[in-house]
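Asks: structure here, sequence nowhere to be found:
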């Protein structure tokens, strides 16, 4: 008969050697569901557009940067409050690899000229019209403003539908830089 100490030693050795009476099996793998466009974990879509100032904006030029995409409109009151904060973030972190791009929702008539609107609220980051094709690449836009924050690898890390204080978003930006 084995002494208790010998039994403990034998079981310990068997455990270290991987003896369990049958081969170890990994749990059955589950097929990964594709992540829907515009959902956390999705990728920054490929796009190339001309902004309101006539400059080219493309996802290729944003590669390797932390990117904030903002869907806005001139008639959107929360957008008017949020966009100057995004400009401050662009000014503060642009040299660290952070970029902001605004896509103007075009489903309702503008309440003022978009360029004058941007100048009035002191926004200088690139602004372009969000065509239907472009909006489809980002997934469903459920309301305005909608803010999408992508990390340096182009993965969507945060999605905000509605107004958010710049200080809250700044913490997320800093963590990705």
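Replies: The structure has been received and is ready for your questions. These numbers come from a predicted model, not from an experiment.

Asks: now do the lengthiest helix in the chain, average pLDDT.
Replies: If each helix of the chain is counted by residues according to DSSP state H, the longest one is helix 77-93. If you average the pLDDT over helix 77-93, you get 97.

Asks: for that helix, packing partners?
Replies: Packed against helix 77-93, as judged by 3 or more CB pairs under 8 Å, 6 or more residues apart in numbering; DSSP states H and E, are the following elements: strand 66-72, strand 98-105, helix 166-176. Where you see a C-beta, it was placed from the backbone N, CA and C, and this is true even at glycine.

Asks: any idea how far it is from the chain center?
Replies: 16 Å (CA atoms, centre = their mean, to the nearest Å).

Asks: where does the protein have low pLDDT?
Replies: Within the chain, the segments meeting pLDDT under 70 span 1-32.

Asks: give me every residue that touches residue 147.
Replies: 68-71, 82, 158-160, 164, 169 (CB atoms under 8 Å, 6 or more residues apart in numbering).

Asks: of those residues, select the buried ones using a PyMOL command.
Replies: Here is the PyMOL command that selects the buried residues among those (16 or more other CB atoms under 10 Å):
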select buried, resi 68+69+70+71+82+158+159+160+164+169
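
Asks: residues contacting stretch 160-176, please?
Replies: Residues from elsewhere that reach stretch 160-176 (CB under 8 Å, 6+ apart): 66, 68, 78, 81-82, 85-86, 88-89, 93, 98, 142-143, 145-147, 149, 151-152, 157-158.

Asks: now that stretch: buried residues?
Replies: By neighbour count with 16+ other CB under 10 Å, stretch 160-176 contains the buried residues 160, 164, 166, 169, 172-173, 176.

Asks: right, I'll call it a day here.
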